[in-house]
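**Q** Fold the stuff below for me.
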Amino acid sequence: VRLCSRGNIIRARLAGWCCHLSKLAASTAAQHVKHLLAHSFTFRGLRSGSEQFPVRRRKQRISPVKMSSSDLVAQLQNTVEKLEARVHDLEAKLHGHAPAKSGDGLRMILIGPPGAGKGTQAPKLKERYGCCHLATGDMLRAQVAAKTELGRQAKKIMDQGGLVSDEIMVNMIQNELDNNKECKSGFILDGFPRTVPQAEKLDGMLSAQQKPLKHAVELQIDDGLLVARITGRLIHPASGRSYHKIFNPPKKEMTDDVTGEPLIQRSDDNADTLKKRLGTYHDQTGPVTDYYRKTGIWKAIDASQEPGQVWKSLLAITDAEKGNLGSSLLSKIGLKN
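**A** Purely as a prediction, here's the structure:
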């Protein structure tokens, strides 16, 4: 059937996607897209309804949202990008492809100095691919707090002023991979490995599980830029989500966007401590990047860019392996070429 306008075509496609998403993914995000669409047609010069696609109008008058066209497009694009990961399996079914096996999930390590943006990008990757985010520092503290066998071993060493052994760290990661349901769909390692021996032990463990790394992504940034970044950094302790007072502020001051819980500023996020941490990082991690270069899975991203551009660069790496299964949802609605 020939539809009378491009607006109707776009509305039909999006209505169909939102319907499928609400049924198959039980996601409230689909309704959010519908809400955004009701406003989006005003700046695209399209009617918000037609005889073929009527819009149910609320009795209560809704005050117009003061938002520029560019901001509205960006908000809609951001929402749809999140939905694309959920749509992936649906597209596979529609095109007659078998869904991806759990062992085919994302398997990545993020390498980068403190303040490079690992804590900003890793949760977004976790949300997009439905995998686990293993920040080894947080994992270690959780094991100690839970008084597990690994936690007791680590606490005994730390109380004596020593460094937790590579074997304990690798066993802790293996424990998460075996018991964390999210890890069945892949994992992102943040903060490990920091040395070549750690990288070798990690590769040995993953190879034994037939889950070798697919990506070793380094977030590269000049040390001079990190001082301004890290001195304004805000952390949500429970999840590891990070914000920045200037570059990536929370929606509400000193409050986590997701949980509404308070954010903290780490005591070691200061210029003097940062210089020492950077010195240690470069001494230890330089050889690690060389190690992964030789394996062929290393990629570098310019982390001095704004977070949205870094995110696009990450997706260019992680989505490349999926191939072009149909066109993206953004392409379907005319927001991406």
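
**Q** What degree of burial does Phe247 show, as a neighbour count?
**A** The criterion is other C-beta atoms under 10 Å. On that basis, Phe247 has 14 neighbouring residues. C-betas here are computed from N, CA, C, even on glycine.

**Q** residues in contact with Glu182?
**A** For Glu182, the contacting residues are Lys126, Gly130, Cys131, Cys132, taking C-beta atoms under 8 Å, 6 or more residues apart in numbering as the criterion.

**Q** Residue ranges of each domain in this structure, please.
**A** According to the domain assignment given by automatic domain parsing, the chain is divided into the following structural domains: 6-98, 103-231+270-304.

**Q** As JSON lines, the contacts of Glu182 with neighbour count would be great.
**A** Putting the contacts of Glu182 into JSON lines (neighbours: other C-beta atoms under 10 Å) gives the following:
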{"residue": "Lys126", "neighbour count": "20"}
{"residue": "Gly130", "neighbour count": "17"}
{"residue": "Cys131", "neighbour count": "22"}
{"residue": "Cys132", "neighbour count": "20"}
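
**Q** Tell me the one of these nearest Pro250?
**A** When the contacts of Glu182 are compared for distance to Pro250 (C-beta to C-beta), Lys126 wins out at 18.3 Å.

**Q** ok, back up a step: what's the farthest-apart pair in the contacts of Glu182?
**A** Gly130 and Cys132 (9.0 Å).

**Q** before we move on, back to that, least reliable of the domains of the chain by average pLDDT, please.
**A** Mean pLDDT values for the domains of the chain show the minimum at domain 6-98, a mean of 52.

**Q** Near Ala116, how many other residues are there?
**A** The burial metric for Ala116, expressed as a neighbour count using other C-beta under 10 Å, is 24.

**Q** just to confirm, which helix or strand has the closest residue in space to it that isn't next to it in sequence in it?
**A** Setting aside the residues directly before and after it, Ala116 is nearest to Leu219 in space (C-beta to C-beta, 6 or more residues apart in numbering), at 4.0 Å. Counting by DSSP states H and E, the element that carries Leu219 is strand 215-220.

**Q** Packing partners of that strand?
**A** The elements that strand 215-220 packs onto, with contact taken as 3 or more C-beta pairs under 8 Å, 6 or more residues apart in numbering; DSSP states H and E, are strand 106-111, helix 271-295, strand 298-302, helix 307-318.

**Q** one more time with 10 Å
**A** The helices and strands touching strand 215-220, judged by 3 or more C-beta pairs under 10 Å, 6 or more residues apart in numbering; DSSP states H and E, are strand 106-111, helix 118-129, strand 186-190, helix 271-295, strand 298-302, helix 307-318.

**Q** And the ones you listed: which comes nearest Ala208?
**A** The closest approach between Ala208 and any of these, judged by C-beta to C-beta, belongs to strand 106-111 at 14.0 Å.

**Q** Would you agree the residue nearest to Ala116 is in contact with Ile109?
**A** No. In this structure, Leu219 sits apart from Ile109 without contact. The criterion is C-beta atoms under 10 Å, and the distance is 11.2 Å.

**Q** tilt between the strand holding Leu219 and helix 307-318?
**A** Angular relation of strand 215-220 and helix 307-318 on a 0 to 180 degree scale: 150 degrees, by axes from the mean of the first three to the mean of the last three C-alpha atoms, to 10 degrees.

**Q** between strand 215-220 and helix 271-295, how many degrees?
**A** Going by the same axes, to 10 degrees, strand 215-220 makes 140 degrees with helix 271-295.
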